[in-house]
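A.B. asks: Dropping the sequence and predicted coords here.
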Amino acid sequence: MKKLFFLTQLLIFSFAAFAQTTLGGKIIDAETGEELIGANVTLLQNGHFVTGTRTDFDGNYKLRIEPGTYDVEVTYIGFPLNKRAGLIIREGQYSKLNMYMNMQGDPNPYSGGCSNASSFKNPLLQLRETSSGLIIPSSNIRPMPTKKVRDIIATAPGVTFSW
């Protein structure tokens with residue numbers, strides 16, 4: 001009797017395991033054919049985030065999801081956003097979707113194809129400049145607990161004193 005009970009339980013759980021709705025596949029570099037490790041795979045439904053994952057060392061991903069219609073977005077550093085809209089996932093099926101990433105297009109997946117150029121007054125790096133500088137305005141010096149020049153200079157990053 002116990003054997004029959006365990007056998008039926010095992011049978012029920014195995015059917016439940018096989019009946020899961022799953023989306024999986026591989027993310028591949030279209031130019032080289034190499035699998036992309038750590039690519040982000042995101043599922044959206046009606047423009048809202050549902051779930052997401054990253055690819056493993058072989059470029060594979062797997063998501064357990066509810067049946068429905070989804071948009072799949074894949075992002076990877078240095079590649080433009082790759083999007084597949086209107087993917088229909090059916091109940092109890094394993095759906096396979098391999099996506100190929102190519103370098104054509106905008107390499108920044110978050111820019112949306114537009115470029116926002118801005119100018120700055122001071123360049124981040126000065127050519128042929130071997131020292132760094134920092135301007136401390138008097139409004140920052142007034143609330144300091146000390147007025148010694150040595151202590152004020154020590155607040156600058158990278159400054160150390162040895163006596």
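C.D. replies: In hand now; what should we look at? Since we're looking at a predicted model, the values are computed, not measured. Numbering: from 1, shown residues only.
A.B. asks: Straight-line length of stretch 87-95, end to end?
C.D. replies: Stretch 87-95 has an end-to-end distance of 10 Å (criterion: CA to CA, to the nearest Å).
A.B. asks: mind listing what's buried in it?
C.D. replies: Neighbour-count burial for stretch 87-95, counted by 16 or more other CB atoms under 10 Å, picks out Ile89, Ser95. (C-beta placed from N, C-alpha, C; glycine too.)
A.B. asks: Please apply the same query to stretch 64-79.
C.D. replies: Ile65, Tyr70, Asp71, Val72, Glu73, Val74, Thr75, Tyr76, Phe79.
A.B. asks: just stretch 48-68 next, same as before
C.D. replies: Neighbour-count burial for stretch 48-68 flags Gly52, Thr53, Thr55, Gly59, Tyr61, Leu63, Ile65 (criterion: 16+ other CB under 10 Å).
A.B. asks: which residues are in contact with that stretch?
C.D. replies: With contacts defined as CB atoms under 8 Å, 6 or more residues apart in numbering, stretch 48-68 is touched by 20-28, 34-45, 70, 88-91.
A.B. asks: Filter these down to the buried ones, ChimeraX style.
C.D. replies: In ChimeraX syntax, the buried subset of the contacts of stretch 48-68 is picked out as below (16+ other CB under 10 Å):
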select :21,23,24,25,26,27,28,35,36,39,40,41,42,43,44,70,89
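A.B. asks: closest to Met103 among the buried residues of stretch 48-68?
C.D. replies: Nearest to Met103 out of these is Gly59 (CB to CB; 16.7 Å).
A.B. asks: what's the pLDDT at the closest one?
C.D. replies: Looking at Gly59, its pLDDT reads 93.
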